[in-house]
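Engineer: I would like the atomic coordinates for the input below:
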Amino acid sequence: MSYATTSIIPFDSGRSYVVRDKDPKIRTEFRFEDHMGRTDLDKKFISQFERIFLAASSGNLSTCKAVVGEGFNDFYATSVGRFGTPDGLRCDNISPYKIADMHEHEEITDFFNQCIHGTPPKVFTPKKAAVQQVSKDSYILEEGPGKLFCKVPSTLTINEEAVTRYSKDQKVELLIEELKSCGPLIGLGKFGPTAYEDAPFQLGKRIAGQEIYGWRSGSKRKEQSPSVYIIVIGAEKNQNNEYIYFVLSKDVCKTSHSSVREHIPSKDDSHIYKCSHKTFRDYLTDLYPIHAVVQDSIITDIEETLLNMPLEAILGDMESQCHILGQQIFDHYKMKDHGNSISGKIAAQNLCESISNKSSDGRLRKQCIERAWDGIGDLNWRWMALRGWGVTFVI
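Structural biologist: Predicted coordinates for the structure are as follows:
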């Protein structure tokens, strides 16, 4: 039974589309679901087409079986246009069956033939790649009785609608526990040099060789001072004394409507500051946890494909496909957040970063993927890989 409602369905990028081979399902109502005129059934089809097309290209039989198990049956539907790759001709006017045949994945073409001419199994369970788990302690810099310090992150994504456990019961022990389990937090309040009349001074204490700054007890605070963002990187309880450690932060999101925000440490002031827990509680307005990106089936399948790609092929024969994967992630998460490009950017960056922790060649594999993804994105943000000698910078 064919289930898409139109014969031509555009991809999220708008630069390419799929032409159905099978007749579409008769539409019983005519209300469009999005600005491209796609119903929910159309969007279901396009999502499944992307997954089975990429799986057929890479030789991932388990994902092909999983998508067929969900009801996909249009193996001769064809992609038309660039399909998110700089060399669009490679994927222009090609069906899942044809791409599998082009790459000589006989086990996949045999499976497709069985589905077309016979009866495929009803239930399929994709085989997951054997990968290493990311250590929760990878962000911890120093830990001891009653204290914990995190590394200063280069970037941090938060959800301003989420609530930290510390917010409900403001005890320093709970903050230490939350820093250990979740990593650095973003705070908003009247902190740092803009909150005081006096300049900070070096306290003589160091964290990983970096000086700590603070203010003397009784330092005069300004009557009017702006609220600023900070990255809380540490907390300490020493007998009757409780302290918080932070750096100044900057929200770098270009859009204002999304609750998912991206922060980076301030480039104008890189000092680590220390204040009492009482000061922290008194002048804190909000505290936000790291935004956890829920991995759906698409990102799981793409991650598995990237991990199973031959390393030498990522910038070779399979570079175009690797580029397609990056664009697919960006488009998928951008659409899920109502067209917010930052969400697409964050999803792509998070997946690329995770690759380095999930295979023995992870660091080199990540660098190759970064280069293959050069140019993915949209008019609001573009992945730019500047290819130096063994170094890739992502802007």
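
Engineer: just the C-alpha atoms of the helix or strand encompassing residue 67, please, in CSV.
Structural biologist: Per DSSP states H and E: residue 67 is located in helix 61-69. Output of helix 61-69 as CSV, limited to C-alpha atoms (Å, rounded to 0.1, in the frame of the first residue of the first chain):
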residue,chain,number,x,y,z
LEU,A,61,21.6,-3.7,5.1
SER,A,62,20.3,-3.5,8.6
THR,A,63,19.0,0.0,8.2
CYS,A,64,17.4,-0.9,4.8
LYS,A,65,15.6,-3.7,6.6
ALA,A,66,14.5,-1.4,9.4
VAL,A,67,13.0,1.2,7.0
VAL,A,68,11.2,-1.5,5.0
GLY,A,69,9.9,-2.9,8.3
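
Engineer: after that helix, next one along is what?
Structural biologist: strand 78-81.

Engineer: helices or strands next to that next one in the packing?
Structural biologist: Packing partners of strand 78-81 (3 or more C-beta pairs under 8 Å, 6 or more residues apart in numbering; DSSP states H and E): strand 16-19. To be clear about C-beta, it is placed using only N, CA and C from the backbone, and glycine gets the same treatment.

Engineer: just after the strand it packs on, pick out the following helix or strand.
Structural biologist: Following strand 16-19 toward the C-terminus (DSSP H and E): helix 40-58.

Engineer: rounded mean pLDDT for that next one, please.
Structural biologist: Helix 40-58 shows a mean pLDDT of 83.

Engineer: could you look up the SS state of the residue at minimal distance from the centre of the chain?
Structural biologist: By C-alpha atoms, centre = their mean, the mean C-alpha position of the chain lies nearest to residue 347, the distance being 2.0 Å. In three-state terms, and counting by DSSP: H, G, I helix; E, B strand; the rest coil, residue 347 is helix.

Engineer: gap between it and residue 302?
Structural biologist: 10 Å (C-beta to C-beta, to the nearest Å).

Engineer: any residues in contact with both of the two?
Structural biologist: residue 329 (C-beta atoms under 8 Å, 6 or more residues apart in numbering).

Engineer: tell me the angle of the helix holding residue 67 relative to helix 40-58?
Structural biologist: Calculated by axes from the mean of the first three to the mean of the last three C-alpha atoms, to 10 degrees, helix 61-69 forms an angle of 160 degrees with helix 40-58.

Engineer: adjust the sequence numbering to begin at 6 for everything that follows.
Structural biologist: Understood, numbering begins at 6; the last thing we discussed is helix 66-74.

Engineer: pLDDT below threshold where in the stretch 6-155 of the chain?
Structural biologist: Residues of the stretch 6-155 of the chain meeting the criterion pLDDT under 70: 6-22, 24-42, 86-97, 123-143.

Engineer: what does the stretch 256-400 of the chain give?
Structural biologist: In the stretch 256-400 of the chain, residues with pLDDT under 70: 259-263, 296-301, 391-400.

Engineer: can you tell me the helix or strand for residue 116?
Structural biologist: Judged by DSSP H and E, residue 116 forms part of helix 111-122.

Engineer: return the list of helices and strands in contact with the following helix or strand past that helix.
Structural biologist: Sequence-wise, the next helix or strand downstream of helix 111-122 (DSSP H and E) is strand 145-149. Contact partners of strand 145-149 among helices and strands, from 3+ C-beta pairs under 8 Å, 6+ apart: strand 152-155.

Engineer: now what about the strand it packs on, what contacts it?
Structural biologist: Contacts of strand 152-155 (C-beta under 8 Å, 6+ apart): 144-148, 181, 184-185, 188-189, 212-213, 238-243, 250.

Engineer: same check, this time on stretch 107-119
Structural biologist: So stretch 107-119 is contacted by 60-64, 66, 69-70, 73, 80, 99, 101-102, 105-106, 125 (C-beta under 8 Å, 6+ apart).

Engineer: which two of those residues have the greatest separation?
Structural biologist: Pairwise distances across those (C-beta to C-beta) peak at 22.0 Å, for the pair 99 and 125.

Engineer: higher neighbour count, those two?
Structural biologist: The neighbour comparison of residue 99 against residue 125 (other C-beta atoms under 10 Å) goes to residue 99, with 20 against 14.

Engineer: ok, what's across the strand from that one?
Structural biologist: residue 84 (DSSP bridges).

Engineer: quick one: it and residue 84 touch, right?
Structural biologist: Yes: in this structure residue 99 lies within contact range of residue 84 using C-beta atoms under 8 Å: 5.9 Å.

Engineer: now list the buried members of the contacts of strand 152-155.
Structural biologist: Using 16 or more other C-beta atoms under 10 Å as the burial test, the contacts of strand 152-155 include 144-145, 181, 184-185, 188-189, 212, 238-242, 250 as buried.

Engineer: dump those into JSON lines; add secondary structure and distance to residue 271 as well.
Structural biologist: Listed next are the buried ones among the contacts of strand 152-155 as JSON lines, based on DSSP: H, G, I helix; E, B strand; the rest coil; distance: C-beta to C-beta, whole Å:
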{"residue": "144", "secondary structure": "helix", "distance to residue 271": "19"}
{"residue": "145", "secondary structure": "strand", "distance to residue 271": "22"}
{"residue": "181", "secondary structure": "helix", "distance to residue 271": "24"}
{"residue": "184", "secondary structure": "helix", "distance to residue 271": "20"}
{"residue": "185", "secondary structure": "helix", "distance to residue 271": "25"}
{"residue": "188", "secondary structure": "coil", "distance to residue 271": "19"}
{"residue": "189", "secondary structure": "coil", "distance to residue 271": "14"}
{"residue": "212", "secondary structure": "strand", "distance to residue 271": "17"}
{"residue": "238", "secondary structure": "strand", "distance to residue 271": "13"}
{"residue": "239", "secondary structure": "strand", "distance to residue 271": "17"}
{"residue": "240", "secondary structure": "strand", "distance to residue 271": "20"}
{"residue": "241", "secondary structure": "strand", "distance to residue 271": "22"}
{"residue": "242", "secondary structure": "strand", "distance to residue 271": "27"}
{"residue": "250", "secondary structure": "strand", "distance to residue 271": "15"}
